[in-house]
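Novice: What follows is a predicted protein model with its sequence.
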Amino acid sequence: MLVMIKSAPDTTDGALGLTLAKESGADLVLLQNGVYFAQKERLGAFSGAVYVLGDDKRLRGLRDSEMDARAKTRDYDKLTDIITGGDKVTGVF
């Protein structure tokens with residue numbers, strides 16, 4: 001299962017998305033302001049895969065050195081493959 005998060009970490013929706021992903025053992029797709037979740041120390045004990053849209057990361061000025069080692073940067077085409085290849089995609093938070 002995939003959980004897509006577009007909201008920033010300091011929002012209720014963003015926190016809800018991360019909690020859902022943790023509790024259900026899902027992987028994360030981080031878009032728009034959700035890419036801030038991929039910064040070091042923000043994911044905590046999250047154990048799933050983490051995919052970050054590269055264009056959104058770049059537009060927000062995030063550098064690779066700021067990112068959690070688990071975060072994998074992907075372009076639109078790769079993210080589309082990940083999303084369409086999954087069993088379930090749970091909302092955008």
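Specialist: Perfect, I can see it now.
Novice: Where do the helices of this protein begin and end?
Specialist: Here the chain has its helices, by DSSP state H, at 12-24, 54-59, 76-85.
Novice: Show the contacting residues for the residue nearest in space to the middle of the chain.
Specialist: Nearest to the mean C-alpha position of the chain, by C-alpha atoms, centre = their mean, lies residue 30 at 2.6 Å. By C-beta atoms under 8 Å, 6 or more residues apart in numbering, residue 30 lies in contact with 4-6, 37-38, 50-53, 56, 71. Heads up, the C-betas are built off the backbone N, CA and C, glycines and all.
Novice: Now for those: which two are most distant?
Specialist: Between any two of the contacts of residue 30, the greatest separation by C-beta to C-beta is 15.5 Å, found for 6 and 71.
Novice: which one of those two has more residues nearby?
Specialist: The residue with more neighbours, out of residue 6 and residue 71, is residue 71; 24 against 20, by other C-beta atoms under 10 Å.
Novice: Which pLDDT value belongs to the residue nearest to the more buried one when sequence neighbours are not counted?
Specialist: For residue 71, ignoring the flanking residues on the chain, the nearest one in space by C-beta to C-beta, 6 or more residues apart in numbering is residue 38 at 3.9 Å. What the model reports as pLDDT for residue 38 is 97.
Novice: same thing with residue 83?
Specialist: 85.
Novice: Determine the number of other residues adjacent to it.
Specialist: Residue neighbour count, defined by other C-beta under 10 Å, stands at 13 for residue 83.
Novice: Provide a list of residues in contact with it.
Specialist: 2, 4, 29, 89.
Novice: just to revisit the earlier point, test my guess that the residue nearest to residue 71 contacts residue 64.
Specialist: No: Residue 38 is beyond contact range of residue 64, at 10.3 Å (criterion: C-beta atoms under 8 Å).
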